[in-house]
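Q: model the structure of this input:
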Amino acid sequence: MGMSVALLGWQHAAMAVGTLLPPSGSVSPVPSVTYGGTLVGNYIGSFNTGGLNPAVGTVQSWVYSGDASNPFNGVGGLTFVYLISNTGAGTLGYVETFTVNDYTSATAYVGYSPVLGTGPVVPTSVGRSILGTPITWNFSAGAGGLGAIPAGGSSKYLVVETDATSWALDAGGVIDSLTSNVGLLGPSIPDGGATVALLGLALAGLAGVRRMF
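A: Numbering: from 1, shown residues only. Now for the predicted structure:
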């Protein structure tokens with residue numbers, strides 16, 4: 001599993017606030033979510049689910065401060081944005097599910113931005129465990145969804161507006177019939193840094209985070 005840095009100087013804008021996703025909840029994500037402000041971090045993690053027909057590609061993640069659409073902007077809440085790209089040419093692997101950590105103590109509003117038009121795959125539902133993490137994005141047919149993300153396809157921009165005021169390198173998962181861990185950015189874990197340190201060891205040599213000020 002390899003990772004690289006994304007150097008981005010642009011921002012997106014759309015139209016609305018996300019849907020509140022409480023622990024143990026499941027919602028249909030809002031199809032047009034504003035995000036923007038100041039880009040303070042970005043990261044690209046790669047995944048390969050393995051097997052005969054793996055899903056192979058990247059997850060890009062961005063962190064924004066000062067996002068006017070974030071309900072917690074006034075208290076420094078950060079907005080996290082994710083883009084899944086299934087780039088596996090010549091494979092038949094589909095991305096069915098995407099999980100993101102660590103939102104245990106965060107209040108989260110979820111949705112997706114339509115800035116890429118009608119082509120990318122729409123998430124049909126977003127769930128959250130009773131402990132608050134992970135947040136799970138599901139891609140399936142029906143309810144406005146176009147099905148799992150095929151080779152050569154990508155997701156919409158997936159948006160999580162939070163009351164978290166700090167961020168860190170974290171881990172998520174990309175799932176077809178098998179699962180691949182993937183590095184991404186998420187809220188900072190409130191444990192004195194021990195979990196982040198362990199994650200750093202697990203991803204030794206793969207840390208490519210860029211902070212922007």
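
Q: quick one, what contacts Phe72?
A: The contact partners of Phe72, by C-beta atoms under 8 Å, 6 or more residues apart in numbering, come to 107, 161-163. Placement of C-beta: from N, CA and C, glycine included.

Q: most surrounded residue in these?
A: Glu161 (30 neighbours; other C-beta atoms under 10 Å).

Q: dump the residue contacts of that one.
A: 17-18, 33, 35, 67, 69-72, 77, 79, 108-111.

Q: nearest to Leu131 among those?
A: The nearest member of the contacts of Glu161 to Leu131, counting by C-beta to C-beta, is Ala108 at 12.9 Å.

Q: distance-wise, check the closest one relative to Gly152.
A: Plainly put, Ala108 is 30 Å away from Gly152 if you go by C-beta to C-beta, to the nearest Å.

Q: who has more neighbours out of those two?
A: Neighbours per residue, other C-beta under 10 Å: of Ala108 and Gly152, the larger number sits with Ala108, 25 against 12.

Q: hmm, the more buried one is touching Gly186, no?
A: No: at 10.6 Å, Ala108 and Gly186 do not qualify as touching, with contact defined as C-beta atoms under 8 Å.

Q: what is the nearest of the contacts of Glu161 to Val27?
A: Among the contacts of Glu161, and counting by C-beta to C-beta, the member closest to Val27 is Val110, at 6.7 Å.

Q: tell me the contacts of the closest one?
A: So Val110 contacts 18-19, 21, 27, 29-30, 126, 135, 158-161 (C-beta under 8 Å, 6+ apart).

Q: what's the following helix or strand after the helix or strand it falls within?
A: Element membership of Val110, judged by DSSP states H and E, is strand 108-113. Downstream of strand 108-113, the next assigned helix or strand under DSSP H and E is strand 125-128.

Q: strand partners of that following strand, parallel vs antiparallel please.
A: strand 26-27 (antiparallel), strand 135-138 (antiparallel) (DSSP bridges).

Q: and for the last one, what are the contacting residues?
A: The list of residues contacting strand 135-138 from outside it, by C-beta under 8 Å, 6+ apart, reads 21, 29, 96-100, 103, 108, 110, 123-129, 155, 158, 160.
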